[in-house]
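In: My questions are about this predicted structure, shown below with the sequence.
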Amino acid sequence: MYFFETLVTFVITIRFDRKEKLVKYLREVFTNHAINKGFKKYNFVVYKGKFAQPNADHGSLLEWNKAKGKLIYQRKDIRLYEYTVPYGENKAFEKKKVTFVKVKNEWKINAIDAVK
């Protein structure tokens, strides 16, 4: 999940032959809104019976497994976190904001590329 384009390219070409299967998989983490926008933004196509993403990059150097998060906004059904995510050997970092929305008592990420 952390390297979204790489994950999607790999997962799509290996595991998913129908859009419904991919959407079901993505719904575990993302809102329907995020998934729909992601399909439009990344121009998914069917190639040789499998989903593919043309011109996909090869992921990210961001080390999400070492990220530190801080809650910066909250409402009943919305949480906005700011993550400080390290990358590279020179201990650089990038700040990323990720919005979570409560959907049927589960917290889901509301942007498909929020954690890329």
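Out: Yep, it's here. Numbering: from 1, shown residues only.
In: Look at residue 22 and say how many residues are nearby.
Out: For residue 22, the neighbour count with other Cβ atoms under 10 Å is 19. Where you see a C-beta, it was placed from the backbone N, CA and C, and this is true even at glycine.
In: next one: the one 4 residues further on
Out: A total of 22 residues lie near residue 26 under the criterion other Cβ under 10 Å.
In: Specify the local secondary structure of residue 114.
Out: The local conformation at residue 114, judged by DSSP: H, G, I helix; E, B strand; the rest coil, is coil.
In: And the helices in this structure?
Out: Per DSSP state H, the chain carries helices over the ranges 4-15, 19-26, 32-41.
In: Buried ones in the shortest one, by neighbour count?
Out: Yep, that's helix 19-26 we're talking about. Using 16 or more other Cβ atoms under 10 Å as the burial criterion, the residues of helix 19-26 that qualify are 22, 25-26.
In: Tell me the one of these nearest residue 84?
Out: residue 26 (25.7 Å; Cβ to Cβ).
In: wait, doesn't that closest one sit right on residue 35?
Out: Yes: counting by Cβ atoms under 8 Å, residue 26 does reach residue 35; the two are 5.1 Å apart.
In: any residues in contact with both of the two?
Out: residue 112 (Cβ atoms under 8 Å, 6 or more residues apart in numbering).
In: What is the burial count for residue 42?
Out: Residues lying near residue 42 (other Cβ under 10 Å) number 18.
In: Now it, what are its backbone angles?
Out: The phi and psi values for residue 42, taken as degrees, to the nearest 10, are phi -100, psi 10.
In: Can you tell me how far it is from residue 20?
Out: 18 Å (Cβ to Cβ, to the nearest Å).
In: go on, residue 108?
Out: Residue 108 sits 18 Å away from residue 20, taking Cβ to Cβ as the criterion.
In: How about residue 37?
Out: 18 Å.
In: again with residue 33
Out: The gap separating residue 33 from residue 20 is 18 Å, by Cβ to Cβ.
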